[in-house]
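Novice: Sequence first, then the predicted structure:
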Amino acid sequence: MTVWLTRPEKQAQKTLQLLHKAGFEVWVCPVMEIVPIADPSARQHVRDQVMNLDLYHKAIFVSQNAVDYAAEEIEQFWPQLPLNTEFYAVGRATAKAAHKYNIEIACDVGETMDSESLLAIAAMHNVQGQKVLIFRGIGGRTTLADVLTERGARVDYCELYERSQPRQSLHALIDQGFGRNRDDIILAYSGESLANVYRAIKHCGLTSLVHQPVIVPGKRVAELAKQLGFSQVFIAENATDEIMLKTLYHAYAMVSG
């Protein structure tokens, strides 16, 4: 049995170590790469937004990558964070990443790692007239901004990085031979990465791979998996290593037994 680890290369290293320690054979083939935005005008816009961070009532980090890229900019202009800005994070792992930079997160949303959980807290309901800055990559879901705008907030995006699919992931499946065993398992960490997995499968003409077991974080990504035609979908509560590995053990027991 082989586990296809689809995470971006930087994030994959810790997960790879845990999977090897657990005794799994792993194929590391990222279906997403994350790079800083390159356009000079876009980079200047980011700096301008960070310089005006004190004008925002709330700032939200949507991911660990958003924290890392934002912190690099924030530390240049704010040796001490503005007192009137509250910081929030989508998911506990993102909050933990913020703590590394001494950024205090105003509320713990628990184990779930999606925008809906953050939107459910009281502080995100009473936002009429408030300015909110969302740190994120280019593109992605608009749920946070849409709902907060409906609730009366003025929302701006601070887009720090961009995501793309590595060209090698579109070809590597043919050479690797993944899926020769019925219990080869795919680990997908987001809806976008799952879509890229499917794109690679289609590109290589290996559509039978949609019948391999796939582990995804949360019901929303699971629904996408089913829409794409994946027939063995196992739902992890979130995308942390601990929970994904726990779900992997369960999936392996189910498909290999």
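Specialist: Thanks, I have the structure now.
Novice: For the protein, which residues score under the pLDDT cut-off?
Specialist: 109-113 (pLDDT under 70).
Novice: how about the helices of the stretch 101-250 of the chain, start to end?
Specialist: Read by DSSP state H, counting those that start in this stretch, the stretch 101-250 of the chain holds these helices, from start to end of the chain: 115-119, 143-150, 172-176, 191-203, 218-228, 241-256.
Novice: Switch these over to JSON lines; also include distance to P166.
Specialist: Where C-beta positions appear, they are placed from N, C-alpha and C, glycine not excepted. Listed next are the helices of the stretch 101-250 of the chain as JSON lines, based on distance: least, Cβ to Cβ, whole Å:
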{"stretch": "helix 115-119", "distance to P166": "26"}
{"stretch": "helix 143-150", "distance to P166": "27"}
{"stretch": "helix 172-176", "distance to P166": "9"}
{"stretch": "helix 191-203", "distance to P166": "9"}
{"stretch": "helix 218-228", "distance to P166": "20"}
{"stretch": "helix 241-256", "distance to P166": "21"}
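Novice: Those: which one's closest to Q13?
Specialist: Of all the helices of the stretch 101-250 of the chain, it is helix 241-256 that lies closest to Q13, at 11.1 Å by Cβ to Cβ.
Novice: buried stuff in that closest one?
Specialist: By 16 or more other Cβ atoms under 10 Å, the buried positions in helix 241-256 come out as I243, M244, L245, T247, L248, A251, Y252, V255.
Novice: Specify the strand with the largest residue count in this protein.
Specialist: With secondary structure taken from DSSP state E, the chain has its longest strand at strand 154-164.
Novice: So what's the gap between that one and the chain middle?
Specialist: Centre-to-centre, strand 154-164 and its host chain are 14 Å apart (Cα atoms, centre = their mean, to the nearest Å).
Novice: Equivalent analysis for stretch 236-245, please.
Specialist: 12 Å.
Novice: Now tell me what touches that stretch from outside.
Specialist: Residues outside stretch 236-245 that contact it (Cβ atoms under 8 Å, 6 or more residues apart in numbering): 14-15, 18-19, 22, 91-93, 111-113, 187, 189-190, 215-218, 246-247.
Novice: Just the endpoints, please. Distance across it?
Specialist: When the termini of stretch 236-245 are compared using Cα to Cα, to the nearest Å, they are 9 Å apart.
Novice: Same question for stretch 108-126.
Specialist: 17 Å.
Novice: Y161: which of the helices of the stretch 101-250 of the chain is closest?
Specialist: Using Cβ to Cβ, the nearest of those to Y161 is helix 191-203, at 13.0 Å.
Novice: now the closest one against helix 218-228, angle please.
Specialist: Here helix 191-203 points in a direction 20 degrees away from that of helix 218-228 (axes from the mean of the first three to the mean of the last three Cα atoms, to 10 degrees).
Novice: R43: which of the helices of the stretch 101-250 of the chain is closest?
Specialist: Closest to R43 of the helices of the stretch 101-250 of the chain is helix 143-150 (Cβ to Cβ; 21.2 Å).
Novice: List the buried residues in that closest one.
Specialist: Of the residues in helix 143-150, L144, A145, V147, L148 count as buried by neighbour count, 16+ other Cβ under 10 Å.
Novice: Same question for stretch 87-99.
Specialist: Neighbour counts over stretch 87-99 (16+ other Cβ under 10 Å) mark F87, Y88, A89, V90, G91, R92, A93, T94, A95, A97, A98 as buried.
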